[in-house]
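> Below: sequence and its predicted model.
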Amino acid sequence: KEFPLLIDPRTGHSLMERTILIANTSNMPVSAREASIYTGITMAEYYRDQGYHVAIMADSTSRWAEALRELSGRMEEMPAEEGFPAYLPTRIAQFYERAGFMQTLSGNSGSVSIIGAVSPPGGDFSEPVTQHTKRFVRCFWGLDRQLASSRHYPAISWLESYSEYLGDVKQWWNDHSDG
């Protein structure tokens, strides 16, 4: 209800003028829940190929993985860790590998940035979806329930979080900071 009313502070126009939403609720068919993440990344790649810089927010890859687990169970495939299909790490990798900068054959350049949210049950970062996601992403922010309970925001755990982008931002940081 509120999202369509948001205004882009840079342009003064509605955010919906340049936003595509792919909504997927838990009561939708499992195949639709599983396919929605592919629909989103394919649309992002289309606009990247047009020369746009696209951000895709996938919330939540945990629910997508649960849909994979449910489909795998229905097809009577051999389960792996915690009942997830053995190909879970491959599917997670294939999704995140579709991000990045690209120069197209027509000379356009564009990019896709993926911001994925993992919602592990009970905040357990040792479960398979979180562990496999951490293998394939270069930046991970783990939220800490204790920090949130003590109203420390953002509630990002320093012990669980990391970024491998230091080399990419070092020059910018040196040029734009007082330190």
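Structure received. This structure is a prediction, so every number in the text was calculated from the model and none was measured.
> For the most centrally placed residue in the chain, list the residues it contacts.
By CA atoms, centre = their mean, the mean C-alpha position of the chain lies nearest to G116, the distance being 1.5 Å. G116 is in contact with 57-59, 61, 95-96, 133, 137, counting by CB atoms under 8 Å, 6 or more residues apart in numbering. All C-beta spots, glycine's among them, are computed from the backbone N, C-alpha and C.
> Filter those down to the buried ones, ChimeraX style.
In ChimeraX, a selection of the buried entries from the contacts of G116 looks like this (16 or more other CB atoms under 10 Å):
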select :58,61,95,96,133,137
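> Report the helix or strand with the lowest average pLDDT across this structure.
When each helix and strand of the chain is scored by mean pLDDT, DSSP states H and E, helix 166-176 comes last, with a mean of 88.
> count of neighbours near S161?
When neighbours are counted by other CB atoms under 10 Å, S161 registers 13.
> re the thing from before, quick one: which of the contacts of G116 sit in helices?
If you go by DSSP state H, the contacts of G116 have 61, 95-96, 133 in helices.
> Where is the longest strand in the chain?
If you go by DSSP state E, the chain has its longest strand at strand 109-117.
> ok now that strand, how far from the chain's centre?
On the basis of CA atoms, centre = their mean, to the nearest Å, strand 109-117 is displaced by 8 Å from the centre of the chain it belongs to.
> Tell me the buried residues in it?
Judged by neighbour count using 16+ other CB under 10 Å, the buried positions of strand 109-117 are 110, 112, 114, 116.
> Hmm, the second one is touching Y96, no?
By that I understand V112. No - using CB atoms under 8 Å, V112 is not in contact with Y96, being 10.3 Å away.
> give me the number of residues near F136?
By other CB under 10 Å, 14 other residues sit near F136.
> any idea how far it is from G167?
19 Å (CB to CB, to the nearest Å).
> Please work out the average pLDDT along stretch 19-28.
Across stretch 19-28, pLDDT averages out at 85.
> Okay, buried residues for that stretch please.
Those would be N24, for stretch 19-28 by 16+ other CB under 10 Å.
> Quick one: end-to-end distance for it.
One end of stretch 19-28 sits 22 Å from the other (CA to CA, to the nearest Å).
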